[in-house]
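# show me the folded form of this:
(chains A, B, C and D)
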4 protein chains.
Amino acid sequence: MEILGGPLFAVAGAGESHGPGVTTIVFGCPAGLRIRRDEVQRYLDRRRPGSNRHGTPRQEADRVVLLSGLYAEGEIDQLLSGPAVSISGEGDSATESYEVGFATGEPIAALVLSTSQRSRHYEQFAGPRGEVRPGHTDLVKYHKSQGFIDIRGGGRSSYRSTISDVIGGAIARIFLKERFSTEVLSSISQVGPLRTNLSLAQHFESVRQKEESRPVTPEQVAAVEGRLDEAEIRSLDAEFAQEAGELIKRTRIEGDSLGAAVEVVAVNPPSLVGEPLYQSLKVRLMGALGGLNAVQSCEVGDGVQVISRKGSENNDPIRSRGYQANSHGGLIGGVTTGSPLVCRVGFKPTSTILKTQQSVRKNMEEIDFALEKGRHDPCVGVRAGVTLESRLAIELMNAVLMHQSGRVDTRNFRLF
Amino acid sequence: MEILGGPLFAVAGAGESHGPGVTTIVFGCPAGLRIRRDEVQRYLDRRRPGSNRHGTPRQEADRVVLLSGLYAEGEIDQLLSGPAVSISGEGDSATESYEVGFATGEPIAALVLSTSQRSRHYEQFAGPRGEVRPGHTDLVKYHKSQGFIDIRGGGRSSYRSTISDVIGGAIARIFLKERFSTEVLSSISQVGPLRTNLSLAQHFESVRQKEESRPVTPEQVAAVEGRLDEAEIRSLDAEFAQEAGELIKRTRIEGDSLGAAVEVVAVNPPSLVGEPLYQSLKVRLMGALGGLNAVQSCEVGDGVQVISRKGSENNDPIRSRGYQANSHGGLIGGVTTGSPLVCRVGFKPTSTILKTQQSVRKNMEEIDFALEKGRHDPCVGVRAGVTLESRLAIELMNAVLMHQSGRVDTRNFRLF
Amino acid sequence: MEILGGPLFAVAGAGESHGPGVTTIVFGCPAGLRIRRDEVQRYLDRRRPGSNRHGTPRQEADRVVLLSGLYAEGEIDQLLSGPAVSISGEGDSATESYEVGFATGEPIAALVLSTSQRSRHYEQFAGPRGEVRPGHTDLVKYHKSQGFIDIRGGGRSSYRSTISDVIGGAIARIFLKERFSTEVLSSISQVGPLRTNLSLAQHFESVRQKEESRPVTPEQVAAVEGRLDEAEIRSLDAEFAQEAGELIKRTRIEGDSLGAAVEVVAVNPPSLVGEPLYQSLKVRLMGALGGLNAVQSCEVGDGVQVISRKGSENNDPIRSRGYQANSHGGLIGGVTTGSPLVCRVGFKPTSTILKTQQSVRKNMEEIDFALEKGRHDPCVGVRAGVTLESRLAIELMNAVLMHQSGRVDTRNFRLF
Amino acid sequence: MEILGGPLFAVAGAGESHGPGVTTIVFGCPAGLRIRRDEVQRYLDRRRPGSNRHGTPRQEADRVVLLSGLYAEGEIDQLLSGPAVSISGEGDSATESYEVGFATGEPIAALVLSTSQRSRHYEQFAGPRGEVRPGHTDLVKYHKSQGFIDIRGGGRSSYRSTISDVIGGAIARIFLKERFSTEVLSSISQVGPLRTNLSLAQHFESVRQKEESRPVTPEQVAAVEGRLDEAEIRSLDAEFAQEAGELIKRTRIEGDSLGAAVEVVAVNPPSLVGEPLYQSLKVRLMGALGGLNAVQSCEVGDGVQVISRKGSENNDPIRSRGYQANSHGGLIGGVTTGSPLVCRVGFKPTSTILKTQQSVRKNMEEIDFALEKGRHDPCVGVRAGVTLESRLAIELMNAVLMHQSGRVDTRNFRLF
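Predicted coordinates:
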C-alpha cells in the first residue's frame, strides 16, 4: 500500500506524472481542526515546478480541490465555496467542493488534475525496444511490471507524486502549528560543489539559547521565511543562493545537472513523541526523508560530523531549562526532546541530462542514449524542500497521536 | 486508516453521503490485468439506490471515473476515452480519464461525484439541540467527534460509502475471474419473517456433485445470474422474491422497515489461500461482511445450523475429487478448500422509520422523535448484495496474493 | 503476521500444539498498569483442557512466566519473585522472571512451556500417505505448505495457540477493569440441540434498567461469576448446564461430538470507542470472535433475531440516562454506546470423532478413516469462553487507545 | 508495535537490558527452509559484547533456543536435540527445544535468557531525583512513561534488544543465501577521525567488472570474511583496523568515547524487488539502518559524495550484462538492480563516558553528572555490523516476498 506515515495519521496517494490527476486521501486528522483550502494550496504552490526560477519550465496549475472530511455547521455556504468539479458526458455530474471547514475525523480526499497530456509523444521509451534513461527507473520498472508500465514522464516515479505528500503535510502542519506552535522550514545548504555555512539549526539554536529556551516566536519564524522567500534559491544564505542560482543556469545550458543538499528543521516540536526502537521517530524520519526519490543520504542532528567526535564533545549538556546544544537534532532514543528537529538530506544530480550516455534498450540491446525531447530540470534538490517539510510534519503528527494514545483520560469515554 | 482488505490488495475510501464525492484508491492490483471502466460501472449500477424497485427513491448517477494506475501502450486513444473531468474557476483544469487499459501495479484511483446537494436542509439534526434518530449513529458520532460531524444524510456512515467497496471489489472480481474463473454471487434469503429454502450454496453444491467436482461453467453462472436479475428482488427464489417485494411495499406504506438476510457465494475459488489463525480468511470475511453497516450476524457454511449437529453428521466426507459436502463453506482452518465460499449475512430492519419513537436531543433532552423529511428505504438488506460480494472478493484477492508471496520462484527476480 | 488486535494494543503469538512452548508478545500496554502474574495465570487456568469436567483429558500445567515489560522501582525483590527459567547445556543460563510490577509501555513477553512431548507417535498422519482427519486442517495445510507441516496434534491450528489470546486478554482486562470497571463474561447458551433461555445480556440489561443505567457493580458481577463457576458447564442456567453435561458425557461414550454456542458480554464498556467503517469495532469483533477455530457464526446484540423484526420493534428507545434496550448489543455504527457489548458465537461439533468416515490420504488416495489413538474432546465450544472473552477485551482495549489518540491534550507533550 | 520489516517477513521483539530475557518472534518465513540453531547462534555470537576485543567487558552467553515454527518429519530426534528449557517451582515444566528442522511457515519464536541480574544496583538513576546520563534516553523515557521505566542498564533502549534483529536477520540470510546466493557483509570504515579508503562496495564492484557481472562466488565472499575476521576490528583494511583498535584502547583509558562508520553490503541481491515510493526498499533501508540506536546518518550507494557531482559523472552506464558502476548502490527508484546493495551508517560516540558533564535529575534539578559505576563501551559502532547486516537482510527478504506476491502462478492454487 502506498501509505506515508501511519498507522494513525497517514496519507494515501495515487496518480502518475502524465495521468489524469493525483488523488490523495488523508487519514486520521482529529475532529475539530479548521482547514482552509487556500492554506493547502499555498504549500502546493511552493511545490510546483514553475514556482521556482531554476526548476523545470513545465507550467502546471496544480489546483487542489477538497472532496471530503470537512464540515461547517451554520457556514455551509462558506464550506461549499470551493471550485466546482464536474464530469462530462451523459449523466453529467457537477458539484461544489470544500473551501473551509472543520475536520470531522473522517478521511479527507483531495484531487489535483493534470492539464490534458494527450498530445505528448514517448515513442523513444515505448515497448521492448524502448530506450532506457540512465539513472531512471525505466529499466527496473519495465521488468518488474513485465512491460505494463506508464512510460509517460516517469509514471508514478515522477516528482509529481509528491503532491500527495504536500497535501498531507499541509494538514499536519496546520494541526501542529495550532496545537504546539510547531513550524517546519527548510533551507538549501549545498548545490553541487557550493556549500553554505549558515544553517537553520544553528540559527534557531542560537535564538533558543539567547531566549533561554523559550519557544521560537511567530515573528522569528516569519523573519526566516522572509529571507528564504527572497533568496534566489530557497536558502538562508542569500549570497550562496545567488551563486548557486548562477551555477544552475550554467549547468542547464551545458545540458548537465547538479546534486544538492537540503536542511529541514521543525521548531517548537512537541516533546516526548516517538515510539521506541523499530518504529521510533528516527526510523520514520530517516525512512520518509531518506527514501524520497533521488535522495542518497539522510542525517539527523549533526549527522556525519558526529562520527569523528569524542563523546565528551558530542554529548549535549542539559540544564533545567533544556538541552544546551542540539547535536542530537531533537531526538534522543527516537523520542523528541523539545529541541528543534533537524535533518539534512542529500540529492543526487538529476538523472535526466542532455549528454549522450551508454545505455540499453529494455530488451538489453546496447545503445548510446541521447534524449530526443523533454524537459530538463538541472537540480531537483532545490525544489524538494516543501516535500521534505511535509514528510517530516506527517511523521511528527502521527507520533503525536501515538503518544497521546497511551495517556488515557477516562473523561473522554462518557456518553450519558 | 479506512482500509478494506490488505496488506497486499487493499481499498482506501473517503467521502460522505452528501459531500462532493466518494474517492477510492485501490492498492495492489498486479500489473497486466486489463480493466474496463464500464465493467466497474456495471457493478456500481447494481449498488445504486435507484437500481432496485424497492430501495430508496433517490436517483444518483454514480458515474465512475478512473484517474490512475492504468496504461495501454499503443492504445492511448482508447485509454483516454473516459469521461472528461474538470475543475472550474481561475486556472481551469480539465482532463480525459481512463476508459480501458492494463493495470501497471500502481494505485488505481476512482472518483464518483455527488450531484449538487446544497439545497437540502438538516436543521432537525443540527447542533447540540439536534434530534437523534434511534438506531442511527447520530448520537455516538456527535459526542465522539465533540460536535464536529457532518449531519447531512448520515455523513460517512451512510450507505454511500460502499461505493469504494464496490469499486475495489470490481477490480478484484475481474482479476479472480480471469485467473481462476472465480465468480461471486449473492441471493436474498430472508426478508422480515419471509424465508426461502433455495440457496446458492445448495444449488452450486448439487451442480458440483453432479459434475464430479469440475469447475462451475460460465453458462451455469449466467443461468443463475439471469434468475437473480429477473426476480422482483435479487433472489434465486422468484416466488419468495415476489412475496417479499409486496411485503416491502406494504411496509413502506406503513412507515416501518424490515430486516433481511443475504447469502453470498464464490464459486471456483482458488484453493489453499488464507493465512492461519489471527489473519485467517475466516477472520477477514467474518469481519468484512459481518462488520458492514446494519449487519448483526454473519455465518460461514452451514452457520448456526451446525451448532445443533453431531460431528458424525457435520464432518464433510472427502473423496479424491474433492469434498462431498460443504457444511464447511469452503474454509477449513481459515484456508480455502476449493469448495464454494459460502457466507450468510443478517441485516437489522432499517433504522429510519416514519413512526414516532422515544429519543433524545444530542444534549440528552428527551423527545418524541418523528422524522420531518427525508427518504425512507424500508429494507436496506435487499440492496446490500453487491457490497457483500465486493468485500468477499477483496479479501479473497488479498489472500491470493498472500499465498503467492510464500511460493518464491527465483525466475521472477532476474534483470540482466 | 499473526497479530491479534492492533495497531495500538496487539498480541503476537507463536507455538504449536506439541512444540516446546507457546510464546506471546503483548504490545501497547500503557505505562503504569500494575500487572500480577497470578492474575494472568488465573485466566490461563480457565483455558486449560483439564480445567473443565467435559474437556479433553489432557493434563497441562500451562504455567506462565513473564519475561519483559514490567518494572517496580523499590520493589525489585517482589518483581523478581516469579518462577526461575533456565536453559540447560554448556553455558547454562537461569534467571528469575517477573511476578508483579508496573507496565513500562514496552512489549510484555510471556512463555508457557509444554511438558515433554517426545514420546508421542503420529505415524497415521505422516507424509504423503498420511491420513486426513475430516474437518481438520490436515489436508489444506499439508498442500499449502508443500508438505512442510507439523503433524503433531494439529500443529499451530490447535486450540493450544489460544494461550496467547488469553495472556493478551488478561492484560487488556486488568486495564479495562482498573480504568472503566469493565468486566467481560461468557455463558454457554447451547450444546447440540439443548438451549437455554437465560442470557447474560438480558440479565445485565434488567439490572441496568432496574438501577436506572448506573454501572453494574462488582458485587453484581461476582454473583454472576459465582453461578458460572458452580454450574456443571459454564452457563448462567444451572439446569441446562446439568443436562448439557450429561449429553456431553453420553456423546463422548458414543465417540461422537457436539456443537455449542457461547454468549460473550462486556459490562460497563467505555463509551464512544470504535473507529468508523472498515476498522469499526463491529468489524473487529466479528472477525476476532467469528474467526476463532471451529466457529461458524457470530452475532452482535440480538443477532439473527433482528432479521425478522420490524424497525419499530427493533430500534432501541433512548432516554437521557441511556438506551432503554440493547438490541444493538452495545454498538451503533461500530461505536460503543455504553450499553453492554453482546456477542453470540456458534461452534461446530468437534471434528475429531471415533466413528469411521470417508476421507483421503494427503496424496488423495481414498480411505475409510478411523482414528488410531489420541484424545477426544467431544465439545470444544464449552471451553472456548475464556478465549472469546480475551479476544473481545483485546479489541476493546485497542479501540480505547485509538479513540484516545484523537483527543490530544497538549499537557502531555511537555518535557522542560 | 515493535515490528521490524513486514508486512510479510517481520520480526517482533521484547526484552530489556537487564530483564529476564529477550523474546523474538519471526513471522513469514516460507515453509520448507532448513534452519539450524547453530547458524542462528553463530550470528548472535558475533553480536555479543564480549565477542570483540574492543567492546564492553560484559560477558554474556546469549544462547538462543528455538521454540516454534520448525518441524522435521522422520528426524524428530534431531529436531528435538536443542537445549532443554525449564521453569522451576511447583508444576515444573521442562522441554526440549529445536535444533534443526524445516520451517513450516508458522511463526518462529526464539528466546535468549539473561544471566541473573539481581545483584546490580542502580540507585544513581532511580526515582524523580535519579540522575540523567547526557546523550541517553533516561530523561525522555522517564517523562514519556510518567516514571514507569526500567532504569537498569537503559531498559529496552539498550543494545541488548538487537538480539531480535540478529535472530530475524539470521533466518532471512539463510533464505536469501539458499535461494539467491545473496550474502550480507559489513566493514568498519571510520573510527573517530581515522578513515579507510578500502570499501566492500568498491572491492565487489571491481570483482564484478572483472568477472563481467557474473555473481560473486562463495569463495570470493569467504576470502573477504576471512580478512574481516582477522582484522583487529572488523574492517577490510587491516592497517586501519590496527590503528583504530589502538585509538579505542587509548580512548577507553581516557574515559571518553568515539564515533564510527560502518559500510554494509549485500552481494548477489535478487533483482526487481522493492515497492514503489512510500514503502520503497530505499525508504525501508534508510529507516531500518538509519534508525538504529546511536546512528545519526545513513547513506545509500555513493551517499553524500553524489551531492557535489554532475549528472554526467554520476549516472551509472548500462551495458547488456549489467550496470557498469554502482553509484546508485543497487537501488534505482527504490527497486533492486542486481548490483550490490550498499549502505553506509554513521554512529555517534557512545554516550556513556567517565568524564563529568552538565546534566539534570529527572525532576530537572541541575547537577554535575559523573557515572558512579557501570561498564563503558568506548565505541558502539564497531560492533554494530551484524545488526546492520541483519536489518538489511530482513528488509530485503520482505521485499522479495512482496515482489513475488504480484506474480500469481495459478498452479500454486490447486488442491484436488
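# wait, does stretch A:381-400 contact chain B?
No - Stretch A:381-400 stays clear of chain B (Cβ under 8 Å from any Cβ of the partner chain), getting no nearer than 10.8 Å. Bear in mind the C-beta positions are built from the backbone N, C-alpha and C, glycine included.
# got the buried residues for stretch A:206-218?
For stretch A:206-218, the neighbour count (16 or more other Cβ atoms under 10 Å in any protein chain shown) marks A:207-208, A:213, A:216 as buried.
# err, stretch A:242-258, not the other one
A:243-245, A:247-248, A:251-252, A:255-258.
# equivalent analysis for stretch A:307-315, please.
A:307-312, A:314-315.
# how far does it stretch from start to finish?
End-to-end distance for stretch A:307-315: 13 Å, by Cα to Cα, to the nearest Å.
# what does it rub up against?
Stretch A:307-315 is contacted by residues A:302, A:306, A:327, D:134-135, D:190, D:192-193, D:251, D:256-261, D:297, D:346-353, D:355, D:357, D:381 when judged by Cβ atoms under 8 Å, 6 or more residues apart in numbering or on different chains.
# go with 6 Å
Stretch A:307-315 is touched from outside by A:306, A:327, D:134-135, D:190, D:192-193, D:256-257, D:259, D:261, D:346, D:348-351, D:353, D:355, D:357, with contacts defined as Cβ atoms under 6 Å, 6 or more residues apart in numbering or on different chains.
# also stretch A:140-148?
Residues contacting stretch A:140-148 (Cβ under 6 Å, 6+ apart): A:149, A:362, B:31-32, B:102, B:104-105, B:415, D:272, D:332, D:335, D:337.
# doesn't A:Ser86 fall inside a helix?
No - counting by DSSP: H, G, I helix; E, B strand; the rest coil, one finds A:Ser86 to be strand, located in no helix.
# what is the burial count for it?
A:Ser86: 16 surrounding residues under other Cβ atoms under 10 Å in any protein chain shown.
# looking at the contacts of stretch A:307-315, which are in strands?
The strands, defined by DSSP state E, take in D:190, D:261, D:346, D:357 from the contacts of stretch A:307-315.
# what segments of the stretch 301-416 of chain A are strands?
A:318-319, A:322-323, A:331-332, A:335-336, A:341-347, A:357-360, A:366-369 (DSSP state E, counting those that start in this stretch).
# pick the most buried one from those strands.
Comparing the strands of the stretch 301-416 of chain A by mean neighbour count (mean count of other Cβ atoms under 10 Å in any protein chain shown), strand A:341-347 comes out on top with a mean of 28.
# near chain C at all, it?
No - judged by Cβ under 6 Å from any Cβ of the partner chain, strand A:341-347 stays clear of chain C, getting no closer than 13.6 Å.
# that strand - contacts with which helices or strands?
Applying 3 or more Cβ pairs under 6 Å, 6 or more residues apart in numbering or on different chains; DSSP states H and E, one finds that strand A:341-347 contacts strand A:260-267, strand A:295-300.
# which positions in stretch A:350-358 come out as buried?
Quick answer for stretch A:350-358 (16+ other Cβ under 10 Å): A:350-354, A:357.
# same for the lowest-mean-pLDDT helix or strand in chain A, what does it pack against?
Ranking every helix and strand in chain A by mean pLDDT, DSSP states H and E puts strand A:93-97 at the bottom, with a mean of 82. Judged by 3+ Cβ pairs under 6 Å, 6+ apart, strand A:93-97 is in contact with strand A:82-87.
# direction included, what does the strand it packs on pair against?
strand A:93-97 (antiparallel), strand B:82-87 (antiparallel) (DSSP bridges).
# tell me how far it lies from the chain's centre.
Put simply, strand A:82-87 sits 26 Å off its chain's centre (Cα atoms, centre = their mean, to the nearest Å).
# list the contacts of that strand.
A:37, A:65, A:93-99, B:63, B:65, B:83, B:85-89, B:113.
# which among those residues count as buried?
Buried members of the contacts of strand A:82-87, scored by 16+ other Cβ under 10 Å, are A:37, A:65, A:93-99, B:63, B:65, B:83, B:85-88, B:113.
# which of the buried residues of stretch A:206-218 sits closest to D:Leu185?
Top of the list for closeness to D:Leu185, among the buried residues of stretch A:206-218 and by Cβ to Cβ, is A:Arg208 at 42.6 Å.
# that closest one: which element?
Take DSSP states H and E as the rule and A:Arg208 turns out to sit in helix A:200-210.
# what residues does that helix touch?
So helix A:200-210 is in contact with A:185, A:187, A:216, A:220, A:263, A:265, A:267, A:326, A:340, A:342, going by Cβ under 6 Å, 6+ apart.
# list the residues that contact the second one.
Looking back up the chat, that one is A:Ser187. A:200, A:235-236, A:263.
# for it, which non-adjacent residue is closest in space?
Excluding the flanking residues, the one nearest A:Ser187 by Cβ to Cβ, 6 or more residues apart in numbering or on different chains is A:Leu236, at 4.4 Å.
# pretty sure the one you found contacts A:Asn197?
No - if you go by Cβ atoms under 6 Å, A:Leu236 and A:Asn197 don't touch, sitting 10.0 Å apart.
# grab the nearest non-local neighbour of A:Leu139.
Nearest non-adjacent residue to A:Leu139, counting by Cβ to Cβ, 6+ apart: A:Val132, 4.5 Å away.
# the one you found is in contact with A:Ser359, isn't it?
Yes - using Cβ under 6 Å, A:Val132 is in contact with A:Ser359, at 5.0 Å.
# residues contacting A:Ile233?
Contacts of A:Ile233 by Cβ under 6 Å, 6+ apart are A:188, A:241, A:244-245, A:382.
# quick revisit: can you tell me how far the residue nearest to A:Leu139 is from B:Phe416?
Look at A:Val132 and B:Phe416: by Cβ to Cβ, to the nearest Å, they are 12 Å apart.
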